[in-house]
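Peer 1: Here's my sequence, what's the structure:
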Amino acid sequence: MCGRFTLTSNLDELQGRFGFLSEFTDHEPRYNIAPTQPVLTVTNDGHRRGELMRWGLVPFWAKDLKVGTRIINAVGETASAKPAFRAAFKKRRCLVLANGFYEWRKEGKLKIPTYIYPRNGDPMAFAGLWETWQSPEGQVIRSCTIITTVANPFIQPGHHRMPVILSGETQALWLDPLTEDREILEPLLIPAPADLLTSHPVSDTVNSARNSGPGCILPLTGHPTDGRLFP
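Peer 2: You can find the predicted model right below:
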């Protein structure tokens with residue numbers, strides 16, 4: 001699954017890599033993004049557009065926003081058929097931009113948070129779905145979910161799921177507004193190559209979403225930092 005992540009690249013780098021237009025300029029590095037917070041997405045209505053959406057998908061038929069707190073992830077193997085995701089899978093796909101994400105590794109009775117990120121330091125794009133929801137008072141909310149898949153061999157020792165990380169080649173197809181065939185889209189939702197990622201343990205300050213500074217991703221002193229997720 002994916003329950004916390006980072007987005008630390010500047011807006012110019014993100015726009016250059018993912019080719020989107022953006023109407024906002026107040027983007028700042030974020031080191032501990034949590035559910036219900038705004039996340040940077042890329043959609044395609046004929047032009048790629050960067051947009052902040054609430055993390056935690058709220059289906060259009062939901063009675064209130066609380067539903068979204070339970071839908072931060074969608075299972076890639078079933079997303080095209082589930083009522084909460086079926087329409088979005090065909091019509092409303094997005095990229096959720098990130099530099100890394102967190103998993104928690106067990107050491108005895110302790111859980112050590114581990115920061116996982118690309119070896120080359122580049123930002124990455126998670127496969128996502130989005131929806132528009134309107135409250136009874138007329139408030140319009142756009143929200144999204146991150147799609148997960150089975151873990152690759154790098155992640156498997158600690159967790160059986162991981163976010164779908166789309167390659168540069170698959171991002172365009174995932175965003176293509178004319179593509180709706182699940183037989184074309186579902187094969188994109190596969191684990192990233194194991195050698196794409198590296199990791200290091202970090203402080204448990206990341207356990208609280210109130211902590212969001214660069215210290216969240218600093219290597220934890222006294223623990224292995226050789227790139228193995230579960231030493």
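
Peer 1: Run a quick neighbour tally on residue 75.
Peer 2: Neighbour count for residue 75, taken as other Cβ atoms under 10 Å: 15. To be clear about C-beta, it is placed using only N, CA and C from the backbone, and glycine gets the same treatment.

Peer 1: In contact with it, which residues?
Peer 2: Counting by Cβ atoms under 8 Å, 6 or more residues apart in numbering, residue 75 makes contact with 82, 147-148.

Peer 1: ditto for residue 23
Peer 2: By Cβ under 8 Å, 6+ apart, the contact set of residue 23 is residue 50.

Peer 1: Report pLDDT for residue 135.
Peer 2: The pLDDT attached to residue 135 in the predicted structure is 88.

Peer 1: Please read the previous query as pertaining to residue 223.
Peer 2: 59.

Peer 1: Name the spans of the chain whose pLDDT lies under the cut-off.
Peer 2: 222-231 (pLDDT under 70).

Peer 1: Show the end-to-end separation of stretch 81-94, please.
Peer 2: Stretch 81-94 has an end-to-end distance of 18 Å (Cα to Cα, to the nearest Å).

Peer 1: contacting residues around that stretch?
Peer 2: So stretch 81-94 is contacted by 41-43, 53, 57, 59, 71, 74-75, 79-80, 127-131, 144-145, 174-175, 177, 180, 182, 185 (Cβ under 8 Å, 6+ apart).

Peer 1: residue ranges for the strands of the chain, please.
Peer 2: 5-7, 21-22, 30-33, 38-44, 48-55, 73-75, 93-98, 100-107, 110-118, 124-134, 140-150, 161-163, 165-166, 197-201 (DSSP state E).
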